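Colleague: Following is a predicted model, sequence given first.
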Amino acid sequence: MKSFLIKEELIRTMSLESIITQLSYLGILLLMIANGVISFPSSQILYIIAGYFASIGKLNFLLILIFGAVGNTIGNIILYEISRRKGLHYITKWKMFPEKEIRKVQIAFNKKGSWFLFIGKLLPAIKVFVPIPAGLAKMHRGLYLFIISVSSFIWAGIFTGIGFVFGKSANFFNIYAPVLLIVAFVVVWIFYRYMNSEEVIKEVEGLKRK
């Protein structure tokens, strides 16, 4: 099973590498638009590969950040607008975003507002959901655009920098993940604990009964 997962990950990495090689910045833009809407492909792997290409002179580091952040922002705007106009039930029909998790993020967003949107966009697992509650709450479009674009640029910078320094190895996370986890542990722990707190779970159950 482990061997199969490794092979599958390598295939995905090679596919992303091929697209980036052939389409350059346009490929990064299009892939990150898709990531912003459906959370696929993995932005972490994409940026690490692109960062590696920057380190060997095939791509420009700053242009990777610009095209990647713009693409992700466009994708997140699309998801925001769909959520705003169509509502939660339409989103859950996609079968990509579990309703219970969306509800948790929605409650946290309603309580914490803009700060949750910004921090949540920088946390794995949560970042894919944050445009949805923002859309459902009809958050001001200008404020939403500003927060999403800034956080998307920061996210791009982190993982492109990792690829630039450490290369595109698929084994990177197995080697350096402990260091990254220690750095991010406090913030992630606080958010995930709150997201699964009794307070939030009760509100989720209350929303289901309505």
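Modeller: Now that the structure is in, tell me what you want to look at.
Colleague: The closest residue to residue 143 other than its chain neighbours and residue 120: what is the separation?
Modeller: Spatial nearest neighbour of residue 143, excluding adjacent residues (CB to CB, 6 or more residues apart in numbering): residue 114 at 6.5 Å. Every C-beta, even on glycine, is put in place using the N, C-alpha and C of the backbone. Counting by CB to CB, to the nearest Å, the separation of residue 114 from residue 120 is 10 Å.
Colleague: and these two? which has more neighbours close in?
Modeller: The residue with more neighbours, out of residue 114 and residue 120, is residue 120; 25 against 15, by other CB atoms under 10 Å.
Colleague: which residues sit in contact with the more buried one?
Modeller: Counting by CB atoms under 8 Å, 6 or more residues apart in numbering, residue 120 touches 105, 108-109, 126-127, 129-130, 191.
Colleague: Now a PyMOL select for only the buried ones of those.
Modeller: Filtering these down to the buried ones (16 or more other CB atoms under 10 Å) takes a single PyMOL command:
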select buried, resi 105+108+109+126+127+129+130+191
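Colleague: quick revisit: my read is that the residue nearest to residue 143 contacts residue 148, right?
Modeller: No. With contact defined as CB atoms under 8 Å, residue 114 does not count as touching residue 148 (10.8 Å).
Colleague: ok, residue 137 touching residue 110?
Modeller: Yes. Judged on CB under 8 Å, residue 137 makes contact with residue 110 at a distance of 6.5 Å.
Colleague: Comparing those two, which shows the higher neighbour count?
Modeller: Neighbour count, other CB under 10 Å: between residue 137 and residue 110, residue 137 has more, with 16 against 13.
Colleague: and the helix or strand hosting residue 104, what does it pack onto?
Modeller: If you go by DSSP states H and E, residue 104 is part of helix 99-112. Where contact means 3 or more CB pairs under 8 Å, 6 or more residues apart in numbering; DSSP states H and E, helix 99-112 is packed against helix 88-92, helix 114-120, helix 131-136, helix 172-195, helix 198-209.
Colleague: list the buried ones in that helix?
Modeller: 101-109.
Colleague: Repeat that for stretch 44-58.
Modeller: So, applying 16+ other CB under 10 Å, buried residues of stretch 44-58: 44-55.
Colleague: What is the nearest of those residues to residue 33?
Modeller: Nearest to residue 33 among the buried residues of stretch 44-58: residue 46, at 11.8 Å, using CB to CB.
Colleague: who's in contact with the closest one?
Modeller: Taking CB under 8 Å, 6+ apart, one finds 16, 20, 28, 31-32, 35, 68 in contact with residue 46.
Colleague: From residue 44, how far out is residue 99?
Modeller: 25 Å.
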